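1. heads up, no residue letters with this:
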């Protein structure tokens, strides 16, 4: 597939590298310019491009790996993107930590539904429910025992299928999590969010989501991180997320 990744941070850069390694034609853009794309991302064969050239005709998929709430800044760029192009949103809402509070989301609008409105087009939610370290280091080939799973939500069956194929290509079992309106079940800090679950374990975790409780756990993140001490490991963070739901 021809894929554009917008955002070259820990998750966007990793996805660009993994998807390129899997054989896809990948270009990656960052608001800071092509020079912001790390050399190790480009070693896979991905190409750095200017943001103005990122969402162009002829791309099958565009992955948005940008801070939550800024997608509206790309609306003009996306106006020329064909309807059949699949747009995947990886962002998460952390009010007061990673973004300013957003009234619509605080009042119950689902994160990626809000993002879709900002862009003016449908999106699929994927890769948001796995830590950057998990995505970078714990992907394994299909069929490997204990392979971790990642939920994928979207309103188009075809777009969801495409996103699930790409999740598989990055080393994780994709799980069909239903419509975009249901994607609140994989938002911070639900039982399915960044807890490293297998395909057998993930459905029950999604079903156990509680919007009010999960938002409160999300908002307690600074205190919970501080309680882990300096330099918590990936395993420490995963265990912290799991413990919040016991």
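-> Alright, I've got the coordinates. Values in this document were obtained by computation on a predicted structure and should not be read as measured data.

2. going forward, measure contacts between C-alpha atoms and count neighbours the same way
-> Will do.

3. what does stretch 131-148 rub up against?
-> Here stretch 131-148 makes contact (Cα atoms under 8 Å, 6 or more residues apart in numbering) with 10-11, 14, 168, 170-173, 194, 196-199, 234.

4. what do you get for stretch 191-205?
-> Contacts with stretch 191-205, where a contact means Cα under 8 Å, 6+ apart, come from 128-131, 134, 146-149, 151, 173-175, 185-187, 190, 206, 208-209, 214, 238-239, 241-242, 245.

5. show only the entries of the contacts of stretch 131-148 found in helices.
-> 10-11, 14, 168, 234 (DSSP state H).

6. give me the number of residues near residue 135?
-> Using other Cα atoms under 10 Å, residue 135 has 21 neighbouring residues.

7. that older thread, between the ones in helices among the contacts of stretch 131-148, which is nearest residue 113?
-> residue 11 (20.7 Å; Cα to Cα).

8. residues touching that closest one, list them.
-> 65, 132, 135.

9. surely the last one forms part of a helix?
-> Yes: remark: residue 135 belongs to a helix, assigned using DSSP: H, G, I helix; E, B strand; the rest coil.

10. strands of the chain, residue ranges please.
-> Assigned by DSSP state E, the strands in the chain fall at 2-6, 25-29, 47-49, 61-64, 86-89, 124-125, 149-152, 173-176.

11. and the furthest pair within the ones in helices among the contacts of stretch 131-148?
-> Farthest apart among these by Cα to Cα are 168 and 234. That separation is 21.6 Å.

12. pLDDT below threshold where in the chain?
-> 55-56, 98 (pLDDT under 70).

13. so where do the helices sit in it?
-> 10-21, 39-42, 75-78, 103-106, 111-119, 132-137, 157-169, 202-207, 211-219, 221-227, 234-243.

14. okay, how far is it across stretch 138-147, tip to tip?
-> 8 Å (Cα to Cα, to the nearest Å).

15. report the buried residues of that stretch.
-> Neighbour counts using 16 or more other Cα atoms under 10 Å place 139-140, 147 of stretch 138-147 among the buried residues.

16. what of stretch 194-208?
-> Buried, per 16+ other Cα under 10 Å, within stretch 194-208: 194-199, 202-203, 205-206.

17. spatially central residue in the chain, please.
-> The chain has residue 90 as the residue nearest its centroid, 2.2 Å off, counting by Cα atoms, centre = their mean.
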